[in-house]
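Participant: need the 3D shape of this:
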Amino acid sequence: MARYQRELFHFLIRFLGDRAAAEDVFQETFLQIHQSAQDFDSDRRFRPWLFTIAANKARDLLRSNARRPTSPLLASIRGGRRKGENSSDLMTSSVELPDLPMQQREMQDKVRLLVESMPETLEKSYCFSYFHQFPYKQISTILDIPLGTVKSRLHAAVAHFANQWRESNPGQSMS
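Facilitator: Here you go, the predicted model:
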């Protein structure tokens with residue numbers, strides 16, 4: 001666990017976009033590793049097996065969250081004292097706002113939504129390559145597909161992303 005802790009945790013934060021969810025999936029991943037240790041083929045590398053389990057756990061969480069609607073903090077409160085009062089108006093905090101500029105966060109959200117809108121086969125390859133910087137050969141091993149398929153999916157994923165970006169952000173570059 002100590003060997004892969006940092007890398008796996010950062011992988012999950014990028015995958016899920018939420019630190020708390022990443023912590024939960026991180027723990028579930030190592031619990032699954034412990035429970036499935038007897039199924040591991042010691043002739044294969046451990047890291048791809050670990051990251052495959054983590055990615056599957058993260059996808060399961062995203063799917064379950066999509067099925068359970070939540071109320072945003074900006075949801076109106078019925079019977080509020082003032083018209084337009086929302087949940088966040090009732091919260092107090094001594095924590096300063098994050099240093100990350102709002103424009104950068106908005107850009108990250110746009111990119112995340114576009115990546116999530118990709119067909120799953122393209123999304124997996126794209127995330128493993130661009131966000132997690134796995135070599136093509138390792139992506140091939142994790143996804144259990146030929147190396148040429150990884151390359152063609154990445155080519156298609158980049159084209160898909162570029163087209164979606166242009167459609168949703170006319171006249172705006174990614175820089």
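Participant: how is this structure partitioned into domains?
Facilitator: Domain ranges of the chain: 1-68, 101-175, per automatic domain parsing.
Participant: could you give the mean pLDDT of the first one?
Facilitator: The predicted model gives domain 1-68 an average pLDDT of 88.
Participant: buried residues in the helix or strand hosting residue 60, which are they?
Facilitator: Taking DSSP states H and E as the criterion, residue 60 maps to helix 46-67. Neighbour-count burial for helix 46-67, with 16 or more other CB atoms under 10 Å as criterion, is recorded at 47-51, 53-55, 57-59, 61-62. The way it works is simple: take the backbone N, C-alpha and C, and place the C-beta from them, glycine included.
Participant: ok, now stretch 125-134?
Facilitator: Buried residues in stretch 125-134 (16+ other CB under 10 Å): 125-130, 132, 134.
Participant: in helices, which of these appear?
Facilitator: Secondary structure from DSSP state H places 125-126 of those in helices.
Participant: between the buried residues of stretch 125-134, which is nearest residue 31?
Facilitator: Closest approach between those and residue 31, by CB to CB: residue 132, at 21.7 Å.
Participant: measure residue 106 to residue 163 for me?
Facilitator: Distance of residue 106 to residue 163, computed by CB to CB, to the nearest Å: 20 Å.
Participant: show me the strands in this protein, by range?
Facilitator: Counting by DSSP state E, the chain has no strands at all.
Participant: all helices of it, in order?
Facilitator: Along the chain, the segments classed as helices by DSSP H run 5-16, 19-35, 46-67, 102-116, 120-126, 136-143, 147-168.
Participant: and the contacts of the third one?
Facilitator: Same thing as helix 46-67. Applying CB atoms under 8 Å, 6 or more residues apart in numbering, the external contacts of helix 46-67 come out as 4, 8, 11-12, 15-16, 21-22, 24-26, 28-29, 32-33, 36, 40, 124, 132, 134, 138, 141-142.
Participant: between it and helix 136-143, how big is the angle?
Facilitator: Between the axes of helix 46-67 and helix 136-143, defined by axes from the mean of the first three to the mean of the last three CA atoms, to 10 degrees, the angle is 60 degrees.
Participant: before we move on, what about the fourth one?
Facilitator: Comparing the axes of helix 102-116 and helix 136-143 via the same axes, to 10 degrees yields an angle of 60 degrees.
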